[in-house]
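> For reference, the sequence and a predicted model appear below.
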Amino acid sequence: MKILVTGGTGYIGSHTVVELQQSGYQVVIVDNLSNSYASVVDQIEKISGIRPDFEEFDLCDEKRTLDFFKRHSDLDGVIHFAAFKAVGESVAEPLKYYHNNLQSLILILKGMQENGIQNIVFSSSCTVYGQPDELPVTESAPIKEAWSPYGHTKQISEKIIQNNANVTDIRATLLRYFNPIGAHESALIGELPIGVPNNLVPFITQTAIGLREKLSVFGEDYNTPDGTAIRDYIHVVDLAKAHVIAVDRLVKNKNQKQVEVFNLGTGNGFSVLEVINSFEKVSAQKLNYQIVDRRPGDVEQVWADTRFANDVLGWKAEKSLDEMMLSAWNWELALKKAK
Ligand code: UD1
């Protein structure tokens, strides 16, 4: 079985490539390296012992993308990660986000259609729910107005896939991720933010290792037990494993609907201060942080109802918050050693 992984040198993509290979899938990566490095292919090979095929080009390039699908008409499925994901940047440069995230998806679907490739797993996000009225949030919760162009691209992408499935035989699984963190236990792959990290966990580990002076905790006046915002953090390897199950389900024709949607989280919410405490405990480091104002656009609290994914996919996130934070720290230490 041969799978295209777009964005396969990126953070979630690289972990998924490893899990696919370890489950016997052959992988072709397409990535334009806009937010990742070609050396990740070497790291993947070190872990799995198998070098994935890799083609470097931009999936917004119509000619190259359609040509790729023509050359790879034997693909059994596609897992589409390649996208921009910085919320703040999307507010500052909306056209960049709409163009990149939507154009690439449209061309992938076109290429699949032209070559009879039927299965796609799509990277979506819990951001499509905004601040849900009820917690934990289920897959049938209403899609609220997006708070950022990034979030909007995820909502529109889901719609494009749905509308297209209505009139073609392309089957899709939409995976709504909560907050992926941590790194592979080998510490050979992990999150590699270019520039100042936007996300909490890389900011924590970079502060502890001395790359950043201090972490700003955005807001302590939320309506939560300790006043800081709550998220459902999930280990990236748990998340990667869910992709293998999702793609397996599609290629073996076990899906019950043409488009299926799953929340991927642990079902547990942790506050920013709880994440910091876990980090300090497992790393034996004292973290320099200060409380500042809320970050515009942040929701107060969100965590997943994971019953549908647990029951239907037979998948469950296994790693604890401490394990997630320790793996993130080991990755940061490995990066320092490699310098
Ligand atoms: C956001 C998006 C999510 C997207 C993800 C990828 C929303 C609502 N969520 O997640 O869809 O997939 O980015 O980049 O748009 N925090 C601090 N200090 C920091 C950084 C973060 O206190 O320096 C806090 C935030 O306020 C938040 C939590 O940590 O409460 C997690 O933040 P972050 O890691 O940026 O993820 P989200 O904003 O939840």
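Structure received. Residues are numbered from 1 along each chain as shown.
> now the lowest-mean-pLDDT helix or strand in the chain: how far from the chain's centre is it?
The weakest-scoring helix or strand in the chain, judged by mean pLDDT, DSSP states H and E, is helix 87-92 (a mean of 91). Offset of helix 87-92 from its chain centre (Cα atoms, centre = their mean, to the nearest Å): 17 Å.
> same thing with stretch 276-287?
Counting by Cα atoms, centre = their mean, stretch 276-287 is centred 25 Å from the centre of its parent chain.
> again, but for stretch 238-246
Its chain's C-alpha centre lies 11 Å from the corresponding centre of stretch 238-246 when counted by Cα atoms, centre = their mean.
> same check, this time on stretch 8-23
On Cα atoms, centre = their mean, the centre of stretch 8-23 falls 11 Å from the chain's centre.
> May I see the buried residues of that stretch?
Neighbour-count burial for stretch 8-23, counted by 16 or more other Cβ atoms under 10 Å, picks out 8-21. For glycine as for every other residue, the C-beta is placed from the backbone atoms N, C-alpha and C.
> Please state the mean pLDDT value computed over that stretch.
Across stretch 8-23, pLDDT averages out at 98.
> Name the residues of the helix ranked longest in the chain that are buried.
Looking across the chain with DSSP state H, the single longest helix is helix 94-114. Neighbour-count burial for helix 94-114 flags 97-98, 100-109, 111-113 (criterion: 16+ other Cβ under 10 Å).
> Quick one, grab the pLDDT at Asp293.
98.
> so it sits right up against Phe218, yeah?
Yes. With contacts counted by Cβ atoms under 8 Å, Asp293 reaches Phe218, the gap being 7.1 Å.
> Those two: which is more packed in?
Ranked by neighbour count (other Cβ atoms under 10 Å), Asp293 and Phe218 place Phe218 first, with 17 against 10.
> For the nearest residue to the more buried one once chain neighbours are set aside, grab the count of nearby residues.
Counting by Cβ to Cβ, 6 or more residues apart in numbering, Arg295 is the residue found nearest to Phe218 once chain neighbours are left out, at 3.9 Å. Neighbourhood size, Arg295 [other Cβ under 10 Å]: 14.
> wouldn't Arg295 be in contact with Gly219 here?
Yes. The criterion here is Cβ under 8 Å, and Arg295 meets it with Gly219 at 7.2 Å.
> May I see the buried residues of stretch 215-225?
Buried residues in stretch 215-225, defined by neighbour count with 16+ other Cβ under 10 Å: 215, 217-220, 222, 224.
> From the residues you listed, pick the one nearest Arg249.
Lowest distance from Arg249 to those (Cβ to Cβ) belongs to Thr224, with 35.5 Å.
> Tell me which stretches of this protein form strands.
2-6, 26-31, 53-56, 77-80, 119-125, 171-177, 179-181, 215-218, 230-231, 233-235, 259-264, 270-271, 289-292 (DSSP state E).
> Next, format the ones you listed as CSV and append distance to Gln162.
Below are the strands of the chain laid out as CSV (distance: least, Cβ to Cβ, whole Å):
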stretch, distance to Gln162
strand 2-6, 19
strand 26-31, 24
strand 53-56, 28
strand 77-80, 15
strand 119-125, 10
strand 171-177, 8
strand 179-181, 24
strand 215-218, 33
strand 230-231, 27
strand 233-235, 24
strand 259-264, 5
strand 270-271, 32
strand 289-292, 39
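> Give me the nearest residue to Gly219, chain neighbours excluded.
In space, Gly219 is closest to Arg294, 3.5 Å off (Cβ to Cβ, 6+ apart).
> try Lys336
Distances taken as Cβ to Cβ, 6+ apart place Ile209 nearest to Lys336, at 5.8 Å, with adjacent residues excluded.
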